[in-house]
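[1] fold the following for me, if possible:
(one chain, ligands or ions: 1)
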Amino acid sequence: MDKLINAPLRTTQDYIAIEDAFGASNYKPLDVVLARGEGVYVWDVEGRRYLDCLSSYSAVNQGHCHPKILAALTEQAQRLTITSRAFRNDQLGLFYQELCALTHSHEMLPMNSGAEAVETALKVARKWGYEVKGVAEDRAEIIVAAENFHGRTLAIVGFSTDPVSRHGFGPFAPGFRIVPYGDAARLEAAITENTVAVLLEPIQGEAGVIIPPPGYLQRARDLCTQHRVILILDEIQTGLGRTGKLLAEEHDGIEADLSLVGKALSGGFYPVSAVLSNREVMDVLKPGEHGSTFGGNPLACAVARAALRVLIEEDMIGNAARQGDYLLAALKDIRTDRIKEVRGRGLMIAVELQPDAGGARRAAEALMRRGILCKETHGNILRIMPPLVITQDQIDEALPHFRAVLMGGD
Ligand SMILES: *Cc1c(COP(=O)(O)O)cnc(C)c1O
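    Here you go, the predicted structure:
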């Protein structure tokens with residue numbers, strides 16, 4: 001122990017050794033230790049440059065250390081960082097106004113992590129169910145999809161279908177029903193008089209960029225309206241430009257009752273999430289019934305306002321659509337029987353390898369050695385999600401490496 005604490009830190013292996021010695025083992029990261037980021041690039045402690053093709057799961061859509069968000073952060077940090085919600089602050093109202101205007105929402109509720117936004121929506125939906133829909137006490141049901149990912153809190157992992165996320169963490173909260181993703185008939189069959197909400201990802205990210213069949217989300221919207229059920233769309237990964245629209249629901253021409261955003265809401269500087277309410281569902285919450293010490297703090301609000309501003313002003317959403325089309329087409333052009341499918345929307349792209357193609361982890365490690373950072377999911381799926389500021393030249397630089405590795409090279 002003493003030896004480790006006193007060892008001078010220099011190489012990648014040194015940093016990995018102390019992480020392994022003192023950190024919980026709940027992650028299995030690639031063996032790269034990053035020290036700096038700018039735009040689409042990050043650099044490791046030994047000075048090697050990498051193209052970031054994960055964007056921290058969509059938390060840095062705006063690119064690393066965006067100068068305008070950084071300026072907002074440092075300016076606000078010198079003025080006022082937190083007031084708690086016991087008092088008001090001069091950033092919160094502006095954040096509300098700007099995000100509601102941008103997303104055509106009536107009201108919003110700020111939290112910090114994505115999981116907290118999900119938990120907030122579940123609580124609001126249940127309360128709405130009891131107070132407005134008239135569901136009998138403690139009978140509310142919320143329908144979720146198989147293979148979902150909504151975060152890591154107890155309520156959320158309780159309705160996960162991933163054994164690794166669930167095993168050993170029970171008992172779990174009741175009141176959730178799981179239906180297959182993309183199957184509107186099964187969704188309809190699961191709705192009862194006690195159903196208060198349906199919670200879906202517009203595209204399932206962690207499941208491996210699973211895009212539902214055309215018409216599914218519209219059908220889910222119609223069913224919710226017809227049966228007086230709240231549609232909650234978790235846009236924490238798909239939202240804020242990732243799919244080439246501000247919110248992925250726009251691809252389907254629908255509006256959720258509650259939309260959840262997080263991750264890129266702060267451009268990666270700070271945990272900021274929000275529940276956007278498109279009906280007066282949010283009005284069921286009364287003072288004292290829900291909250292968060294850090295939720296809505298002025299530093300978070302100032303950072304989020306800047307993160308939203310650059311997303312729009314610098315046309316990152318349009319760029320995501322254009323570069324996404326380009327990258328998707330180029331990846332689909334790679335002819336090898338090692339690839340099972342290439343799919344995506346905007347810059348949310350996955351390459352699914354055949355089961356005998358050596359695994360996505362091998363591909364991610366080979367790409368890392370070539371200066372590209374990607375992460376595998378579910379063994380055979382490689383997710384490719386660069387920051388939305390990527391240029392065609394930068395994609396062209398990366399493509400030979402994707403080609404070589406996906407064709408089996410090191
Ligand atoms: C990342 C993610 C979450 C959880 O966000 P945290 O900030 O990690 O709590 C929830 N839903 C989706 C779709 C996500 O991708």
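[2] so which bits of this protein are right by the ligand?
    With the criterion set to C-beta under 6 Å from any ligand atom, the chain comes near the ligand through 57, 113-115, 118, 149-151, 201, 205, 234, 236-237, 262. Where C-beta positions appear, they are placed from N, C-alpha and C, glycine not excepted.
[3] of the residues you listed, buried ones?
    With neighbours counted by 16 or more other C-beta atoms under 10 Å, the residues of the chain next to the ligand contain buried members at 57, 113-115, 118, 149-151, 201, 205, 234, 236-237, 262.
[4] helices along the stretch 201-350 of the chain, start to end?
    When assigned using DSSP state H, counting those that start in this stretch, the helices of the stretch 201-350 of the chain occupy the ranges 216-227, 298-313, 316-332.
[5] contacts for the last one, please.
    By C-beta atoms under 8 Å, 6 or more residues apart in numbering, the surrounding residues in contact with helix 316-332 are 61-62, 241-246, 310-311, 342, 344-349, 351, 384, 386, 388-392, 395, 399, 402, 406.
[6] the shortest one too?
    Helix 216-227 has contacts (C-beta under 8 Å, 6+ apart) with 182-184, 187-188, 191, 195, 198, 200, 202, 229-231, 249, 252-257.
[7] ok, of the residues of the chain next to the ligand, which one's closest to the ligand?
    The shortest separation between the ligand and any of the residues of the chain next to the ligand is 2.2 Å, and it belongs to Gly114 (by C-beta to the nearest ligand atom).
[8] contacting residues for that closest one?
    By C-beta under 8 Å, 6+ apart, the contact set of Gly114 is His150, Gly151, Asp234, Ile236, Leu260, Gly262, Lys263, Ser273.
[9] can you tell me which two in those residues are farthest apart?
    Looking at the contacts of Gly114 by C-beta to C-beta, the two members farthest from one another are His150 and Lys263, with 12.7 Å of separation.
[10] export the contacts of Gly114 to CSV and tack on pLDDT?
    Formatted as CSV, the contacts of Gly114 follow (pLDDT from 0 to 100):
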residue, pLDDT
His150, 98
Gly151, 98
Asp234, 99
Ile236, 98
Leu260, 98
Gly262, 98
Lys263, 98
Ser273, 98
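[11] wait, Val42 touches Asp52, no?
    Yes. In this structure, Val42 is within contact of Asp52 by C-beta atoms under 8 Å, at 5.2 Å.
[12] deepest-packed of the helices of the stretch 201-350 of the chain, please.
    Neighbour counts averaged per stretch over these are highest for helix 298-313, at a mean of 22; criterion: mean count of other C-beta atoms under 10 Å.
[13] circling back: in a markdown table, list the helices of the stretch 201-350 of the chain along with distance to Glu19 and mean pLDDT.
    Compiled in a markdown table, the helices of the stretch 201-350 of the chain are given as follows (distance: least, C-beta to C-beta, whole Å; pLDDT from 0 to 100):
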| stretch | distance to Glu19 | mean pLDDT |
| --- | --- | --- |
| helix 216-227 | 40 | 98 |
| helix 298-313 | 27 | 98 |
| helix 316-332 | 32 | 98 |
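[14] could those go into TSV alongside distance to Gln91?
    Below are the helices of the stretch 201-350 of the chain laid out as TSV (distance: least, C-beta to C-beta, whole Å):
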stretch	distance to Gln91
helix 216-227	33
helix 298-313	4
helix 316-332	22
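[15] wait, isn't Val261 in contact with Ala274?
    Yes. When contacts are counted by C-beta under 8 Å, Val261 is listed as touching Ala274 (5.4 Å).
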